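Undergrad: Got a predicted model here, sequence first, then my questions.
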Amino acid sequence: YAARREGAFIVAVTCGEPADTCWCTSAGGGPRPAAGFDIRLTEVTGGAHRLVAEAGTTRGADVLAAVAERCAAPSAGERDVADAAEVAHQAADRIRRPVDASALPDLLAGTDLHPHWDDVASRCLSCANCTLVCPTCFCVAIDDVTPLTDDGSPAMESVRRQQWASCFQLDHSNLGGRPVRSTTASRYRQWLTHKLSTWQAQFGTSGCVGCGRCTTWCPAGIDLPVEAALLAVPSEGDAV
């Protein structure tokens with residue numbers, strides 16, 4: 001994985017049209033990628049319609065230089081760069097979902113017995129749509145496939161497969177033949193607290209980018225920032 005990640009060429013795109021469900025500015029990101037890319041693209045529609053490409057690494061700069069030479073593309077001037085930044089600024093201004101995400105890791109800690117988990121569970125279908133569309137979900141399942149017969153052929157071999165899975169699947173937490181998280185409430189709690197709380201301890205950043213996809217694709221209309229805000233309010237059952 002490290003070799004593939006190191007060899008990947010990353011092209012990021014500035015978001016100029018945030019969805020109503022987006023709250024990326026509160027989640028610590030924003031419509032304009034700040035790092036982690038080789039090239040950043042921004043579509044500017046005001047004035048002359050153009051695509052502004054900016055390099056984030058030496059590798060990205062080399063590619064842009066080669067593209068400019070091959071296609072006779074004009075170099076971006078100060079005005080182009082300023083217009084690209086303005087696209088992101090206007091997009092950020094249109095996001096109207098302020099959430100104090102920085103306080104959520106501490107506020108969500110110790111909410112295991114919060115009654116709102118059961119309220120969310122009564123609406124959640126455990127369909128795993130949220131984990132399917134989430135850009136940071138990485139749960140997997142490991143399966144061993146072993147032939148039932150052996151005819152001595154070199155093709156007869158055991159294979160270990162890693163494939164996508166979801167923490168909302170009942171058997172994802174199986175230990176000793178039984179699921180550790182057998183209720184919808186426990187699985188939703190695991191997912192949300194990992195995204196917004198314990199992910200910080202693991203990786204030093206939030207596990208949620210604030211894209212709003214989980215809200216958009218939830219057939220029950222469960223809205224993560226709304227649920228997180230309700231869970232952040234202490235209840236009598238919370239651990240201290």
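TA: Now that the structure is in, tell me what you want to look at.
Undergrad: do you know how far residue 189 is from residue 88?
TA: From residue 189 across to residue 88, the span is 34 Å (CB to CB, to the nearest Å). Heads up, the C-betas are built off the backbone N, CA and C, glycines and all.
Undergrad: Those two: which is more packed in?
TA: residue 189 (22 against 19; other CB atoms under 10 Å).
Undergrad: Does the more buried one touch residue 117 like I think?
TA: Yes: counting by CB atoms under 8 Å, residue 117 is a contact partner of residue 189 at 5.1 Å.
Undergrad: Which segments of the chain make up each domain?
TA: Following automatic domain parsing, the chain resolves into domains at 2-93, 101-231.
Undergrad: Let me have those domains in JSON lines, extended by mean pLDDT.
TA: Listed next are those as JSON lines, based on pLDDT from 0 to 100:
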{"stretch": "domain 2-93", "mean pLDDT": "91"}
{"stretch": "domain 101-231", "mean pLDDT": "90"}
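Undergrad: mind listing the helices for the chain?
TA: For the chain, the helices defined by DSSP state H cover 2-7, 58-71, 78-93, 104-108, 116-123, 129-133, 184-193, 199-203, 213-216, 224-231.
Undergrad: packing partners for the shortest one?
TA: What it means is helix 213-216. For helix 213-216, the packing partners by 3 or more CB pairs under 8 Å, 6 or more residues apart in numbering; DSSP states H and E come out as helix 129-133, helix 224-231.
Undergrad: quick one: contacts of the last one?
TA: Applying CB atoms under 8 Å, 6 or more residues apart in numbering, the contact partners of helix 224-231 are 23, 26, 97, 99, 104, 107-108, 111, 114, 116-117, 120, 130, 192, 195-196, 208, 210, 214-215.
Undergrad: please redo it, this time with the cut-off set to 10 Å
TA: 21, 23, 26-27, 97-101, 104, 107-108, 111, 114-117, 119-120, 123-124, 130, 134, 188-189, 191-193, 195-197, 208, 210, 212-215, 218, 223, 238 (CB atoms under 10 Å, 6 or more residues apart in numbering).
Undergrad: Also compute the angle for that helix relative to helix 184-193, please.
TA: 110 degrees (axes from the mean of the first three to the mean of the last three CA atoms, to 10 degrees).
Undergrad: With just CA atoms, put helix 224-231 into CSV.
TA: Extracted in CSV, the C-alpha atoms of helix 224-231 (Å, rounded to 0.1, in the frame of the first residue of the first chain):
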residue,chain,number,x,y,z
LEU,A,224,-24.6,13.3,11.0
PRO,A,225,-23.9,16.8,12.3
VAL,A,226,-27.4,17.1,13.7
GLU,A,227,-27.0,13.8,15.5
ALA,A,228,-23.5,14.7,16.8
ALA,A,229,-24.8,18.0,18.2
LEU,A,230,-27.6,16.2,20.1
LEU,A,231,-25.2,13.5,21.4
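Undergrad: now the angle between helix 116-123 and it, please.
TA: 140 degrees.
Undergrad: tell me which residues in helix 224-231 are buried?
TA: Neighbour counts over helix 224-231 (16 or more other CB atoms under 10 Å) mark 224, 225, 227, 228, 231 as buried.
Undergrad: The first one now?
TA: Within helix 129-133, the residues that count as buried by 16+ other CB under 10 Å are 129, 130, 131, 133.
Undergrad: close enough to count as contact, the second one and residue 120?
TA: Just to be clear, that refers to residue 130. No: taking CB atoms under 10 Å as the definition, residue 130 is not a contact partner of residue 120, at 11.6 Å.
Undergrad: Mind listing the shared neighbours of those two?
TA: With CB under 10 Å, 6+ apart as the test, residue 130 and residue 120 both reach 188, 192, 222.
Undergrad: what's the first one in contact with, if anything?
TA: Residues counted as contacts of residue 188 (CB under 10 Å, 6+ apart) are 117-118, 120-121, 123-124, 126, 130, 167-168, 181, 222, 227.
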